[in-house]
Structure formats: C-alpha cells, structure tokens
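Trainee: sequence and predicted model, in that order:
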Amino acid sequence: MIKLSHIKKVYDTPAGPLPALKDVSLTIADGEIYGIIGLSGAGKSTLVRCINMLERPTAGTVEIDGQDLTKLDDSQLRKVRKNIGMIFQQFNLLSSATVYDNVAFPLKLAGIDKKTISQKVEPLLEMVGLENKAGQYPSQLSGGQKQRVGIARALASDPKILLCDEATSALDPQTTQSILKLIKDINKKLNITVVIITHEMQVIKDICDKVAVIDHGIIAEKGTVIKVFTEP
Ligand code: ADP
Ligand code: ADP
C-alpha cells in the first residue's frame with residue numbers, strides 16, 4: 001500500500017517560495033491502477049516524484065507498506081527504489097544503446113552478471129512485443145515501441161509499483177490504446193500497483209480503478225472513476 005499523508009512541497013525559486021503541493025493525502029491499495037489528473041502546473045509530476053522520493057516533500061509522510069520513506073537516507077532509498085519502476089512522456093532512453101542494453105542498464109548498474117541479465121531481459125522484451133528489436137537503436141523505433149522499451153526497463157528490477165508520468169502524452173490515440181492495454185496486462189499478470197499521471201480524461205476512463213483530481217496543489221476530488229466522473 002502507498003500512503004501519502006499531508007504532503008507539502010515548496011520549491012525555492014528565484015521569485016521566492018513556490019508551493020507546488022499544499023496538503024495532499026492519498027492511499028493507493030496494492031494492485032490498483034490509480035490515476036492522477038489535472039491541468040499543467042497542478043502538481044501531478046511533483047506528486048508522483050514524491051512517491052519514489054525523487055523529490056523530498058517539505059512536510060508530510062510517504063509510506064510504502066508501512067515504511068516511511070521520508071525517514072530514509074540516500075542509500076536506504078536506493079534499495080526501496082528498486083521496488084518502484086517509472087516511465088516517462090519522453091521515454092528517457094539511452095540513444096547510443098540498443099533496445100537490449102537499455103533494458104539491461106538498471107541490471108548492469110546493480111552489478112548483475114551477464115547470464116542472469118539475459119535471462120531477465122529476453123522474456124521482458126517478449127512481454128512487450130520487442131523480441132525482434134533487441135539489436136536496434138531507439139532512433140530506429142516508433143514512439144510506441146520506445147515506450148515499450150521504457151516499460152521493459154522499468155520492469156527489469158521486478159518492481160511492485162509502476163509510476164507513469166504522462167506516459168502516453170507523446171503518442172497518437174491508437175498507440176496510446178495499445179500502451180494502456182500493455183500496462184493493464186502487466187498490472188494483472190504481475191500484480192503491480194500502477195500510478196498514472198495524465199491530463200487526458202480518456203486515459204483515466206480507459207484503465208484506472210480510482211482517480212484523484214489535483215488542482216493548484218490540492219486534491220479537489222478522489223474516489224472510484226465511476227463516482228468521480230458521474231454527474232450527481
Ligand atoms: P504538473 O505535473 O501537474 O504539470 P508540476 O508538478 O510539474 O505540475 O508543477 C507544479 C508547480 O511546481 C508548477 O508551478 C511548476 O512550475 C513548479 N515546479 C515544478 N518543478 C519545479 C522545480 N524543480 N523547481 C521549481 N518549481 C517547480
Ligand atoms: P557487454 O556489452 O557488456 O560486453 P554482452 O557481452 O552481454 O555485453 O553483449 C554484447 C552486446 O550484444 C550487448 O552490448 C548487447 O547489445 C548485445 N546483446 C547481448 N545479448 C543480446 C540479445 N539477447 N539480443 C540482442 N542483443 C544482445
């Protein structure tokens with residue numbers, strides 16, 4: 001379970017303190033697909049980066065399975081982050097590395113041996129439908145294929161949680177559908193908790209169980225997708 005309690009995040013900027021999150025509390029159950037929707041600048045990205053502590057909250061607690069991440073030092077956090085995969089709008093692939101090496105990268109960093117790496121990478125490439133692209137470079141791939149590489153890389157360390165930061169925003173509607181289907185399959189098959197941030201209502205309606213609407217750093221509404229998006 002992911003439990004964010006009274007999260008506040010204030011950025012120091014040249015123009016003064018900027019409160020990006022004001023008092024955000026959110027509970028995400030294991031196995032859920034949880035959507036966070038809001039306009040640009042609402043605080044979605046800051047919120048999702050607080051879950052893996054890429055941003056340290058100014059106040060509040062971030063508990064994962066009862067462990068408060070805000071109390072951990074950097075080396076303890078590195079261990080916890082292995083349980084949290086992340087994918088991005090711009091894919092963030094290494095352009096000079098092949099598909100295979102992009103997926104292998106986190107495992108190489110962790111010092112895992114080549115044989116174990118290939119036993120891990122090959123089934124992942126198969127799972128995302130890229131088993132025939134292992135030797136290609138990102139520039140040779142479509143947007144959807146690049147995001148499939150991103151997903152395989154995110155899953156390489158066997159995470160319990162997958163964070164998706166506008167993961168389909170750079171893709172056309174049809175490709176978006178196929179990536180959302182893949183994310184749903186992964187959620188079901190691997191029982192991974194998924195957190196999706198998006199500005200697109202359709203993404204939420206297509207695959208999320210629950211949704212939080214964020215506006216100017218505050219949760220305006222949250223609950224099941226049906227409840228939040230049905231007129232009273
Ligand atoms: P969203 O993902 O909903 O677009 P963000 O979390 O990216 O929102 O941004 C929320 C607010 O915080 C915005 O006003 C943005 O300009 C500001 N912000 C985000 N990241 C930083 C940063 N690293 N430094 C200063 N301000 C930031
Ligand atoms: P290293 O580059 O660390 O020596 P390897 O000896 O494991 O890595 O592999 C050499 C290169 O072959 C890798 O950089 C990788 O791009 C590629 N490679 C390894 N295994 C596969 C595979 N199953 N499919 C496609 N390419 C692979």
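Mentor: Done, it's in. The shown structure was predicted, so the numbers you read here are calculated from the model rather than taken from an experiment. Ligands and ions are numbered 1, 2, ... in the order given.

Trainee: tell me which parts of the protein are close to ligand 1?
Mentor: 11, 13, 18, 20, 38, 40, 41, 42, 43, 44, 45, 46 (C-beta under 6 Å from any ligand atom). For glycine as for every other residue, the C-beta is placed from the backbone atoms N, C-alpha and C.

Trainee: and with 8 Å instead?
Mentor: For the chain, the residues in contact with ligand 1 (C-beta under 8 Å from any ligand atom) are 9, 11-13, 18, 20-21, 38-49, 55, 165-166, 197, 199, 214, 217.

Trainee: among those residues, which lie within helices?
Mentor: Judged by DSSP state H, the residues of the chain next to ligand 1 include 44, 45, 46, 47, 48, 49 as members of helices.

Trainee: coming back round to it: and the buried ones among the residues of the chain next to ligand 1, selectable in PyMOL?
Mentor: Applying 16 or more other C-beta atoms under 10 Å to these, the buried members can be selected in PyMOL as follows:
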select buried, resi 9+20+21+38+42+43+44+45+46+47+48+49+55+165+166+197+214+217
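
Trainee: just the ones in strands from the residues of the chain next to ligand 1, please.
Mentor: Of the residues of the chain next to ligand 1, the ones assigned to strands by DSSP state E are 9, 11, 12, 13, 18, 20, 21, 165, 197, 214.

Trainee: need the contact list for the third one.
Mentor: The one in question is residue 12. By C-beta atoms under 8 Å, 6 or more residues apart in numbering, residue 12 lies in contact with residue 18.

Trainee: state the distance from it to residue 58.
Mentor: As for residue 12, its distance to residue 58 is 10 Å (criterion: C-beta to C-beta, to the nearest Å).

Trainee: need the residues touching each of those two.
Mentor: Common neighbours of residue 12 and residue 58, counting by C-beta under 8 Å, 6+ apart, are absent.

Trainee: what about residue 19, how many residues nearby?
Mentor: Neighbour count for residue 19, taken as other C-beta atoms under 10 Å: 15.

Trainee: need the contact list for it.
Mentor: Contacts of residue 19 (C-beta under 8 Å, 6+ apart): 8, 9, 10, 217.

Trainee: ok, and what's touching the longest helix along the chain?
Mentor: Identified as the longest helix of the chain according to DSSP H is helix 173-190. Contacts of helix 173-190 from elsewhere in the structure, counted by C-beta under 8 Å, 6+ apart, are 31, 33, 127-129, 142-144, 147-148, 151, 155, 162, 164, 167-168, 171, 192-194, 196, 203, 206-207.

Trainee: cool, and stretch 48-61?
Mentor: With contact meaning C-beta under 8 Å, 6+ apart, stretch 48-61 is reached by 2-10, 21, 23-25, 36, 46, 62, 64, 68-70, 72, 77, 80-81, 84, 86, 161, 163, 165, 195, 197.

Trainee: can you check stretch 209-218 too?
Mentor: For stretch 209-218, contacts defined as C-beta under 8 Å, 6+ apart pick out 9, 19-24, 26, 28, 32-39, 42-44, 47, 204, 219-225, 228-229.

Trainee: the spatially closest residue to residue 221 that is not a sequence neighbour bridge partners, please.
Mentor: Leaving aside its sequence neighbours, residue 221 sits nearest to residue 213 (C-beta to C-beta, 6 or more residues apart in numbering; 4.6 Å). Under DSSP bridges, the beta-bridge partners of residue 213 are residue 37, residue 221.

Trainee: hang on, the earlier thing: what's the farthest-apart pair in the contacts of residue 19?
Mentor: Within these, 10 and 217 form the most distant pair, 9.6 Å apart (C-beta to C-beta).

Trainee: rewinding a little: farthest pair within the ones in strands among the residues of the chain next to ligand 1?
Mentor: 12 and 197 (23.2 Å).
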